[in-house]
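Student: Using only what follows, build the 3D model:
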Amino acid sequence: MRPVNLIPPEQRRGESTPLRTGPLPYVLLGALVLVIAGVSALVLTDNQISERKDEIVTLKREDALAQARAERLTAYAQFKAASEQRIATVASLADSRFDWERVMRELALVLPHNVWLTEMTATATPSSSVGGGSGGSLRAQIPGPALVLTGCARGQEGVAGFVSALKDIDGVTRVGVESSELASNQGEAGSGKGGGGDCRTRGFIAQFALVVAFDAAPVPPEEDEAGPEAVTEKAQTASSETSESSEESAGEG
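Tutor: The predicted structure follows:
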């Protein structure tokens with residue numbers, strides 16, 4: 001005979017026991033979990049986006065304030081740069097200061113008895129002008145300090161001896177002869193009045209123009225045309241604007 005299981009199906013146990021409710025509840029539960037996870041991820045993403053937007057707005061505001069502050073402080077930076085440049089210029093001028101007093105003293109010692117000067121010009125640069133004396137083309141070729149001497153000597157030999165004597169002055173690198181001429185005729189020789197004019201009172205007297213160069217001496221820097229006055233005015237304007245801005249901020253607070 002074939003065995004028959006008389007136990008009702010809902011009360012049976014073991015692997016052969018059929019499902020009481022089927023797979024539908026498990027499917028619904030899995031779908032619910034997925035929906036909850038998706039909603040949570042969406043909320044978190046939306047929160048992160050909002051935070052990032054707030055950070056962007058804050059950073060833009062801080063950047064605008066920093067740029068405004070930098071613009072107000074630009075004048076101070078320019079003033080500081082101009083001040084440092086002026087200090088460097090003054091220091092350079094002090095370092096390149098030329099001892100003209102020593103040169104004059106040594107010139108008096110080496111000046112021969114048969115030579116007399118009618119004009120002497122001492123300049124630190126060729127662009128300098130003292131009493132209208134230029135020194136001609138030779139002075140323009142010397143970038144640093146130089147002496148321009150005009151006078152008379154007893155003959156061309158006296159001029160040559162004076163040129164050699166000038167080379168004994170400390171710091172002299174070269175002596176250029178701009179001109180050295182005797183009187184062309186007896187009338188011209190006797191018309192000399194001395195002083196700053198023609199000093200040739202005799203036919204054997206030669207009038208000369210010499211340029212004494214000090215090439216080893218440092219060349220003094222030229223002053224800039226634009227001083228720090230304009231920068232100072234900008235700094236004062238920026239200072240007043242900063243004060244007004246601070247007062248407005250205090251009033252709003």
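
Student: what residues are up against Val172?
Tutor: 166, 212-214 (Cβ atoms under 8 Å, 6 or more residues apart in numbering). For glycine as for every other residue, the C-beta is placed from the backbone atoms N, C-alpha and C.

Student: Then Pro126?
Tutor: Listed by Cβ under 8 Å, 6+ apart, the contact set of Pro126 reads 135, 139-143, 146.

Student: could you redo the last one with a cut-off of 10 Å?
Tutor: 134-135, 138-144, 146 (Cβ atoms under 10 Å, 6 or more residues apart in numbering).

Student: So, low pLDDT: which residues of the stretch 51-200 of the chain?
Tutor: Flagging of the stretch 51-200 of the chain using pLDDT under 70 yields the residue ranges 93-96, 129-135, 185-197.

Student: For it, which segments count as strands?
Tutor: Using DSSP state E, counting those that start in this stretch, the strands of the stretch 51-200 of the chain run over 115-123, 146-154, 174-182.

Student: Where does the record place the domain boundaries for this structure?
Tutor: 23-95, 100-213 (automatic domain parsing).

Student: Quick check: which of those domains is buried the most?
Tutor: domain 100-213 (a mean of 16; mean count of other Cβ atoms under 10 Å).

Student: And stretch 163-182, how far out from the chain middle?
Tutor: Distance of stretch 163-182 from its chain centroid, counting by Cα atoms, centre = their mean, to the nearest Å, is 39 Å.

Student: Only alpha carbons, please: show it as CSV.
Tutor: The C-alpha coordinates for stretch 163-182 follow below in CSV (Å, rounded to 0.1, in the frame of the first residue of the first chain):
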residue,chain,number,x,y,z
VAL,A,163,99.4,118.5,-17.7
SER,A,164,102.1,116.2,-16.2
ALA,A,165,101.7,117.9,-12.8
LEU,A,166,97.9,117.3,-12.8
LYS,A,167,98.5,113.6,-13.2
ASP,A,168,100.1,113.6,-9.7
ILE,A,169,96.8,114.5,-8.1
ASP,A,170,95.4,111.4,-6.3
GLY,A,171,92.6,109.8,-8.4
VAL,A,172,93.3,111.5,-11.7
THR,A,173,93.2,108.9,-14.5
ARG,A,174,93.7,111.2,-17.6
VAL,A,175,94.1,114.8,-18.6
GLY,A,176,92.6,115.9,-21.9
VAL,A,177,93.8,119.0,-23.7
GLU,A,178,90.8,120.8,-25.3
SER,A,179,92.9,123.6,-26.7
SER,A,180,96.3,125.2,-26.2
GLU,A,181,97.1,128.2,-28.4
LEU,A,182,99.6,131.0,-28.6
